[in-house]
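J.: Got a sequence here, can you build the structure:
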Amino acid sequence: MMFETYYFNCSRQYIDLIHSGLFEEIEKIIAKLPKRNTQAEINRDLFWLLTERNWSYDSLPVGIEKFPPSDLNLLEINLNNLKAGNKRELCITSYTLDARWHADFAKHYGGKLVQLEAQFGKVESMFKDFCGFRIAYYERRLSLGIEIVMYEPRKYFIKHKLSITGMAYFDIAKKTLPAIGLDCPIFLIGIKDI
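T.: Predicted structure coming up:
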């Protein structure tokens, strides 16, 4: 797949300062995503592609199997190994509030925490993701929040128009971020078909 980006309170240079290979890592993960029919399938693919690169996760996606789909070409990975090495505590949104929120994925880069949310649900859920990034940033734990949404869900899921009503998408996220007064760095990614 391909993607569009928007840097909110950050830049490509800022991302490179967190880790020189972070942008390329995300770029390679998204490039390996095959075209899928449902949001759940994209979530499962992202799970495998991120965890294969040592991203920790909050919970297992619905319908996950013991091994990744063969078309992802991830031969050295299985669910048992991932569970054993998972550092779920990296996904925690807040240590000081009793919110019990978690980001979908998280990873440390030389002590700098990056959390990632894959949001293929409602716009309201995207705002919760942004709020989670803001809380973790307020606690001085988060260096960067990454939000992945569909670029144009109506074009991507052309056969499933009813299932995408109210779905988060790139332009609404891009237009909303400056309006809601956040001060945390968010790297917005809109994925789309080639």
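
J.: Tell me who's in contact with the closest residue to Lys192 other than its chain neighbours.
T.: Of all residues not flanking Lys192 in the chain, Tyr151 sits nearest, at 3.8 Å (C-beta to C-beta, 6 or more residues apart in numbering). Using the backbone N, CA and C atoms, a C-beta is placed for each residue, glycine as well. Counting by C-beta atoms under 8 Å, 6 or more residues apart in numbering, Tyr151 touches Phe3, Glu4, Tyr169, Phe170, Gly190, Ile191, Lys192.

J.: Tell me where the protein has strands.
T.: Under the criterion DSSP state E, the chain contains strands at 2-8, 56-57, 105-109, 112-118, 142-150, 186-192.

J.: where does this protein dip in pLDDT?
T.: Across the chain, residues meeting the criterion (pLDDT under 70) sit at 155-165, 194.

J.: now the helices for it?
T.: Taking DSSP state H as the criterion, the chain carries its helices at 12-18, 22-31, 39-51, 79-85, 123-138, 153-156, 170-176.

J.: Tell me which of those helices sits most buried.
T.: Mean neighbour count (mean count of other C-beta atoms under 10 Å) peaks for helix 39-51 among those, with a mean of 21.

J.: what's that one in contact with?
T.: 29, 32-34, 36, 57, 60-64, 68-69, 72, 74, 77, 82, 86, 105, 116, 118, 120-121, 148, 157, 163, 167, 191.

J.: Mind doing that once more with 7 Å?
T.: Helix 39-51 has contacts (C-beta atoms under 7 Å, 6 or more residues apart in numbering) with 29, 32-34, 36, 57, 61-64, 68, 72, 74, 77, 82, 105, 118, 120.

J.: do the same with stretch 22-36
T.: Applying C-beta under 7 Å, 6+ apart, the contact partners of stretch 22-36 are 1, 3, 12, 15-16, 42, 45, 49-50, 53, 71-72, 109, 114, 146, 189, 191, 193.

J.: give me every residue that touches the closest residue to Ile172 other than its chain neighbours.
T.: The shortest distance from Ile172 to any non-neighbouring residue, by C-beta to C-beta, 6+ apart, is to Val123 (6.0 Å). Applying C-beta under 7 Å, 6+ apart, we find Val123 in contact with Gly166, Ala168, Ile172.

J.: Give me the buried entries from the contacts of helix 39-51.
T.: Buried members of these, counted by 16 or more other C-beta atoms under 10 Å: 29, 32-33, 36, 57, 61, 64, 68, 72, 74, 82, 105, 118, 120.

J.: Out of the residues you listed, which is nearest to Phe130?
T.: Using C-beta to C-beta, the shortest approach to Phe130 within the buried ones among the contacts of helix 39-51 belongs to Ala118, at 13.9 Å.

J.: hang on, the earlier thing: hmm, which of the contacts of Tyr151 are the buried ones?
T.: Phe3, Tyr169, Phe170, Gly190, Ile191, Lys192.

J.: Pull the most distant pair out of these.
T.: Of all pairs in the buried ones among the contacts of Tyr151, the most separated under C-beta to C-beta is Phe3 and Tyr169 at 12.8 Å.
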